[in-house]
Every structure is written in structure tokens, then in C-alpha cells.
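Participant: Quick one, what's the 3D model for this:
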Amino acid sequence: MTRPVTRPHHWLLAVDPRIYHWDTLFVKGKEMWRHAGSKPDALRQMKQMRRGDRALCYHGKPEYALYAIAAVTRDPYPDPHDPTPKHLVIDLRALERLPRQVTLAELREQRPLRKVKFMKNPRMTISPLTDEEYSEILRLAGIVASPGIPLP
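Facilitator: You can find the predicted model right below:
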């Protein structure tokens, strides 16, 4: 059974840079991302991720800032390193580092971003973003859409 083709969704993926730094993804280019954790909310969000989705990569403490953009290259699948089938992983491909990192404080100051789940709970590892929220965050980072050229 095939899934209907839908437009890509946008996500915010948060990690502690002392455990996993997004530079690792840029060095490897593509890798299995297994840092969502085992919280039910994170697993529920991960199950909704699809190949082609875009993810904004966020570093938690001590930086508290958005760092880069990545693409989901494979739908969620069971973690091959987990003996229980509970944990899921996705494959990510590095797209680009943001021209300017956007701090959590800056994100909180923006009225269009107040409804982002991550703003209410910055301990979330995966948070969905609407198209408007994604565009606003990219604008803050210095990436602006041009006619005929879609946002990354």
C-alpha cells in the first residue's frame, strides 16, 4: 500500500550538543539520527515524519540556538541498536548551516512563534512547525524566499 503524496512538513529537532553536535551530521553528510529519546510525545511526533520533510536543528544548553537545516531521507524505522522495538530512528542529510544562529530568547520574542510547542516546552526533542513558523524562523536566520526559489 502506498501513501498519498503530501507536501513536506517541517520539524524542530533539539539535542544537547554535549551528547550530539550537529556538526557530526555535516561531517558525515548523512546519518541515522537516534536522539529523539523514548518519551511518548517524541515517538508520536517521529512517527509522523516522512522522507522529504525539513528539520531545523537546535542545540540545547549551553548554546540554546538553532544551528542548521537538515532533510529527512528515510521514513522512521526501528532502531537497529535497540533490542526492543520501542525506539525509532530516521535518516537525516545535512543541507546547510544557518547564516546566523537564532537563539531561544529571539524565538520567544516573535509573536508568530508563540504557538510553537517547543516554545512552551523547550525540553521537547521533536516539535512540529507550520509553514509560516518555518518561514519566520528562516527569516530570523537570514534566509529569505525569492520568487521562483523555494525555501530550503
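
Participant: In contact with K30, which residues?
Facilitator: Contact partners of K30, counting by C-beta atoms under 8 Å, 6 or more residues apart in numbering, are 73, 91-94. For glycine as for every other residue, the C-beta is placed from the backbone atoms N, C-alpha and C.

Participant: Off-centre distance for the longest helix along the chain?
Facilitator: In the chain, taking DSSP state H as the definition, the longest helix is helix 131-141. When distances are taken as C-alpha atoms, centre = their mean, to the nearest Å, helix 131-141 is centred 13 Å away from the chain's centroid.

Participant: now what about it, what contacts it?
Facilitator: By C-beta under 8 Å, 6+ apart, helix 131-141 touches 10, 54, 56, 66, 98-102, 106-107, 110, 112-113, 115-116, 129, 144-145, 151-152.

Participant: Could I get the contacts of K30 in JSON lines, plus columns for secondary structure?
Facilitator: What follows is the contacts of K30, written out as JSON lines (DSSP: H, G, I helix; E, B strand; the rest coil):
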{"residue": "T73", "secondary structure": "strand"}
{"residue": "D91", "secondary structure": "strand"}
{"residue": "L92", "secondary structure": "strand"}
{"residue": "R93", "secondary structure": "strand"}
{"residue": "A94", "secondary structure": "strand"}
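
Participant: Restricted to buried residues, select these in ChimeraX.
Facilitator: This is the ChimeraX syntax for the buried subset of the contacts of K30, where burial follows 16 or more other C-beta atoms under 10 Å:
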select :91,92,94
